[in-house]
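>>> Structure of the sequence below:
(one chain, ligands or ions: 1)
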Amino acid sequence: MTQNQFDKKNQAWSALFSEPMSDLVKRYTASVFFDKRLWQADIAGSLAHAEMLCHQGILSAQDHASIGAGMQRIREEIESGQFDWQLDLEDVHLNIEARLTQLIGDAGKRLHTGRSRNDQVATDVRLWLRDELDAIRVLLVELQCALIEVAEQNVEVILPGFTHLQVAQPVSFGHHMLAYVEMFSRDAQRLADVRRRTNCLPLGAAALAGTSYPLDRERVAISLGMVDEHGVPCVCQNSLDAVSDRDFAIEFTAAASLCMVHISRMSEELILWMSQNFGFIKIADRFTTGSSIMPQKKNPDVPELARGKTGRVVGHLMGLLTLMKGQPLAYNKDNQEDKEPLFDTVDTLKDTLRIFAEMVGGQLNPATGLKEGAITVNAQAMERAALKGYATATDLADYLVKKGLPFRDAHETVAHAVKAAVAHQVDLSELPLAVLQGFHASIEQDVYDCLSLRGSLNARDVLGGTAPNQVRLQIARHRQRLAGV
Ligand code: ARG
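Residues are numbered from 1 along each chain as shown. Sure thing, here's the model as predicted:
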């Protein structure tokens, strides 16, 4: 059989059509050049379907064996780059099925019994995304571990905590890092939740209404690992919904967007901290770029790009929501447009998580046997900055409260003290005792303990607070949590 005859014969609808599809329409409707990345899921889905058809007596053992062997050959061809992907065959599903039929004849044509590309593609995308979710989970753990490591090394390092980007109160740099660990741990929870709904089998819904063959859908679900945590098979329960539901793609992209937003916030801080005006950190040369005109420049391109790519992922979320909003039940060709945004979201998120895990946690240096992160903390610069903005003013107010003043009065009293310190261009801790006593007579020598940055930090020894004591407890909690993941 020539390739041409073969192609014609394999167009399931061709007998009905009096003229061939125009080249422009072919190109417009084809998806093979992006959906071919679903090939592994497509083969896995087909093998599970064939096994079940055979078990149910719908397909002979001989045909089942031929399908297995043919798929093995196709797998090898794809892996070695020898598979001839054809635009004429529209998508990954028809390309693989056509090649199978070319290899094994009629048995290949029997594979599609009780199945439609509508339930096939929905299954493939879910299987593919499920595996990607597992890879993303690992990357999120790596990033959290890297942040925890940096937190542990910097529990005692003090930086100014900001509100409104104005110096507010001193905080531990370790505490600051752990704030991001909280965000990424919520991202991991959200993605685990998305995985549960993704890992559910549409196959068996056929085109939209189910099929007249006695399929065992639960058997297929089990063989594809589409089971819940108790091993109970998870099968989409309404055929119309099964072929048209893309909630899992939207949920994933929403969770990915939020994760990117967290990375973007962190990026913004890294960019600020690296600027000369802050000088809090240095990012190693391998993560920065120079300027083609200004020889002195080192630019934080990685965090900047991550911040920029967040817009792109959020855009994909909007794209997918808009894709679905006007679609009647059940499958519509619109759904083919789910793939590129989904693929790009996965690629962007994975690359970004990987590069951040490496930037924060570092790679193993074979020469030293140590992991070298790309971020160096300048503890002196952070502490100097914390001393600048009257970051311990609240501590002075708290001190006066302990002496019996109502908080609002203490707040007012301290405002006067800050005003005086600003006028003399000194820190609160540099005002002589006599001057401080001028603001309130109850102030004694011990006031200087709470006016120091360290005193302020240690005082916040409450659950979730920035006292080094609490930060260490949190590090231990996170380590235990991640050991169980
Ligand atoms: N390439 C299609 C997609 O991605 C496969 C399903 C096509 N189904 C159909 N009835 N045209 O959605």
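
>>> Name the secondary structure element that contains residue 364.
With the criterion set as DSSP states H and E, the secondary-structure element containing residue 364 is strand 363-365.

>>> Contacts for that strand, please.
Contact partners of strand 363-365, identified using CB atoms under 8 Å, 6 or more residues apart in numbering, comprise 370, 371, 372. No exception for glycine: its C-beta is placed from N, CA and C like everyone else's.

>>> Kindly export stretch 205-214 (C-alpha atoms) in PDB.
Taking Å, rounded to 0.1, in the frame of the first residue of the first chain, the C-alpha atoms of stretch 205-214 are listed here in PDB:
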ATOM      1  CA  ALA A 205     -17.300   8.300  27.200                       C
ATOM      2  CA  ALA A 206     -16.600   7.800  23.500                       C
ATOM      3  CA  ALA A 207     -17.800  10.700  21.400                       C
ATOM      4  CA  LEU A 208     -20.200  12.100  23.900                       C
ATOM      5  CA  ALA A 209     -22.800   9.600  24.900                       C
ATOM      6  CA  GLY A 210     -20.900   6.500  26.000                       C
ATOM      7  CA  THR A 211     -20.700   3.400  23.900                       C
ATOM      8  CA  SER A 212     -22.700   0.300  23.100                       C
ATOM      9  CA  TYR A 213     -19.700  -2.000  23.800                       C
ATOM     10  CA  PRO A 214     -19.500  -3.700  27.200                       C
END
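
>>> Which positions in it come out as buried?
Within stretch 205-214, the residues that qualify as buried by neighbour count (16 or more other CB atoms under 10 Å) are 205, 206, 208, 210, 211.

>>> so where do the helices sit in the stretch 351-485 of the chain?
According to DSSP state H, counting those that start in this stretch, the stretch 351-485 of the chain carries its helices in the segments 379-386, 393-402, 407-424, 433-439, 447-451, 453-459, 468-483.

>>> avg pLDDT for stretch 399-408?
Averaging the model's pLDDT scores along stretch 399-408 yields 94.

>>> So for it, what gets flagged as buried?
Along stretch 399-408, these residues count as buried under the neighbour rule (16+ other CB under 10 Å): 399, 400, 405.

>>> Apart from its neighbours in sequence, what residue is nearest the first one?
By that I understand residue 399. With sequence-adjacent residues excluded and distances taken as CB to CB, 6 or more residues apart in numbering, residue 399 is closest to residue 450, at 5.0 Å.

>>> Tell me, how many residues neighbour that neighbour?
Applying other CB atoms under 10 Å, we find 20 residues neighbouring residue 450.

>>> about what we covered before: direction included, what does the strand holding residue 364 pair against?
In the sheet containing strand 363-365, the strands it pairs with under DSSP bridges are strand 370-372 (antiparallel).

>>> Can you list the neighbours in contact with the partner strand?
Residues lying outside strand 370-372 but in contact with it, judged by CB under 8 Å, 6+ apart, are 284, 361, 362, 363, 364, 365.

>>> and the two most separated of these?
Between all members of these, the longest pairwise span (CB to CB) is found for 284 and 364 and amounts to 14.7 Å.
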